[in-house]
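Participant: Attaching a predicted model along with its sequence, questions to come.
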Amino acid sequence: MLNVGQRVRLAADLRLAGAVTPAGEPVEELEEAGAFTASIALAAGVEGTVERVHEHQRRQSHEVGEYLRLKSLLDDFGHQMPPESRRQLKEQVGALEEHWIAHRLRMLRVTVRVRLDNGFVLDDVPEEAFASA
């Protein structure tokens, strides 16, 4: 996990591509004349400083919510249940477990804003694109 103020470096080469708007030009005029496009390459190893870290919580599906509800029920009251009811509840939990595992693997997505030493600012970039400097 990266922290604000931490020095980082690009872990891989990046190529930024897309529409470019000259400073001071109204967007409407560019649409009429046709869009400019450009590409910038940033080499792996370029260093910078983390300015912001943003954690994005992913929404849970109905199946994940049901898994959590049933698992809690099993953990809290399973020992008091009749054997057949406990077996059925374990089967239901087991059937939903793959949804829970998949949710945990993608539960938290972290993006960062990094000001590179060359003046470029990369915003909303997955933290995996950087390594500690």
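Facilitator: Yes, it's here. Since the structure is predicted, the reported quantities are computational estimates derived from the model, not experimental observations.
Participant: any chance you could map the strands in this protein?
Facilitator: Ranges of strands in the chain, per DSSP state E, are 7-10, 14-20, 36-42, 47-57, 108-116, 121-126, 130-132.
Participant: Those strands: which one's closest to Ser72?
Facilitator: In terms of CB to CB, the element of the strands of the chain nearest to Ser72 is strand 47-57, at 19.7 Å. In this view, the C-beta of every residue, glycine as well, is placed from N, C-alpha and C.
Participant: Pull the residues that contact that closest one.
Facilitator: 1-10, 107-117, 120-124, 127, 130, 133 (CB atoms under 8 Å, 6 or more residues apart in numbering).
Participant: for the protein, what's the longest helix?
Facilitator: Looking across the chain with DSSP state H, the single longest helix is helix 83-105.
Participant: Can you list the buried residues in it?
Facilitator: Neighbour-count burial for helix 83-105 flags Leu89, Gln92, Val93, Leu96, His99, Trp100, His103 (criterion: 16 or more other CB atoms under 10 Å).
Participant: Compile the residues you listed into a markdown table and extend it with columns for pLDDT and distance to Val20.
Facilitator: Formatted as a markdown table, the buried residues of helix 83-105 follow (pLDDT from 0 to 100; distance: CB to CB, whole Å):
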| residue | pLDDT | distance to Val20 |
| --- | --- | --- |
| Leu89 | 94 | 59 |
| Gln92 | 95 | 55 |
| Val93 | 94 | 53 |
| Leu96 | 95 | 48 |
| His99 | 92 | 43 |
| Trp100 | 88 | 45 |
| His103 | 84 | 39 |
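Participant: hmm, back to that, now render the strands of the chain as TSV, adding distance to Asp76, mean pLDDT and mean neighbour count.
Facilitator: TSV is the format used below for the strands of the chain (distance: least, CB to CB, whole Å; pLDDT from 0 to 100; neighbours: other CB atoms under 10 Å):
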stretch	distance to Asp76	mean pLDDT	mean neighbour count
strand 7-10	43	96	18
strand 14-20	49	80	11
strand 36-42	52	83	11
strand 47-57	25	89	14
strand 108-116	26	90	17
strand 121-126	37	91	13
strand 130-132	42	93	16
